[in-house]
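Participant: I'd like to go over a predicted model; first the sequence, then the structure.
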Amino acid sequence: MSRDIDYGNLMHEAMRGLIKKVLLDVQANGLPGNHHFFITFDTSHPDAELADWLSDRYPGEMTVVMQHWYDNLEVGDDGFGIKLNFGDSPEPLFVPYDAIKTFVDPSVEFGLAFEAHEDEDAAEITELPTADEAQAAPETKSSDDPAPAAAPKDAEVVSLDSFRK
């Protein structure tokens, strides 16, 4: 009987755990310094909870920004709940960790991208542009005006697939 170690799913689980740990710290202590997050998630995930008008406007995915104004951050085992401001309309969201497609903290040039494959999910580590490159890029939207995610044009994605047998 042959058995393989499923490194792809182990990495997937570890990276989602990292996001949970970061959010737990923010829940307890607030966002430190210039840290802020761009979180892109699948709005059609069965456990995602968002207002109908938001899911209608962003039927596939949505990027939210956690920076200057957020409220009621509640981090759980399966996902996190948060209230964000969308054009002067505070709306509660619940984002399951499994629905997250990207998690980026541009203040320290850190990012994670999760891409689904046919039979398994694999996490990819995204190398973000340097601070100089990011400043040259167009300004990003705030949670006041969420926009669908777009991969940073100068980012380099390192795939873990090349390490699999």
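Facilitator: Looks like it arrived, so ask away. Numbering: from 1, shown residues only.

Participant: got the buried residues for the helix of greatest length in the chain?
Facilitator: Taking DSSP state H as the assignment, the helix of the chain that covers the most residues is helix 7-29. The neighbour-count check on helix 7-29 (16 or more other C-beta atoms under 10 Å) flags 8, 11-12, 15-16, 19-20, 22-23, 26 as buried. All C-beta atoms are positioned from the backbone trio N, CA, C, and that covers glycine.

Participant: what is that helix packed up against?
Facilitator: Judged by 3 or more C-beta pairs under 8 Å, 6 or more residues apart in numbering; DSSP states H and E, the packing partners of helix 7-29 are strand 70-75, strand 100-105, strand 110-116, strand 121-127.

Participant: now do the second one and strand 110-116, the angle between them.
Facilitator: Strand 100-105 and strand 110-116 are oriented at 170 degrees to each other (axes from the mean of the first three to the mean of the last three C-alpha atoms, to 10 degrees).

Participant: counting by contacts, list what strand 100-105 packs against.
Facilitator: For strand 100-105, the packing partners by 3+ C-beta pairs under 8 Å, 6+ apart come out as helix 7-29, strand 37-42, strand 110-116.

Participant: what pairs with the shortest one, parallel or antiparallel?
Facilitator: Paired neighbours of strand 37-42 in the sheet (DSSP bridges): strand 61-66 (antiparallel), strand 100-105 (antiparallel).

Participant: mind exporting the first one as CSV, just the C-alpha atoms?
Facilitator: Coordinates of the C-alpha atoms in strand 61-66 are reproduced here as CSV (Å, rounded to 0.1, in the frame of the first residue of the first chain):
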residue,chain,number,x,y,z
GLU,A,61,-14.7,37.8,-6.4
MET,A,62,-14.2,40.9,-4.5
THR,A,63,-11.2,42.6,-3.0
VAL,A,64,-11.6,44.4,0.3
VAL,A,65,-9.2,46.7,2.1
MET,A,66,-8.7,46.5,5.8
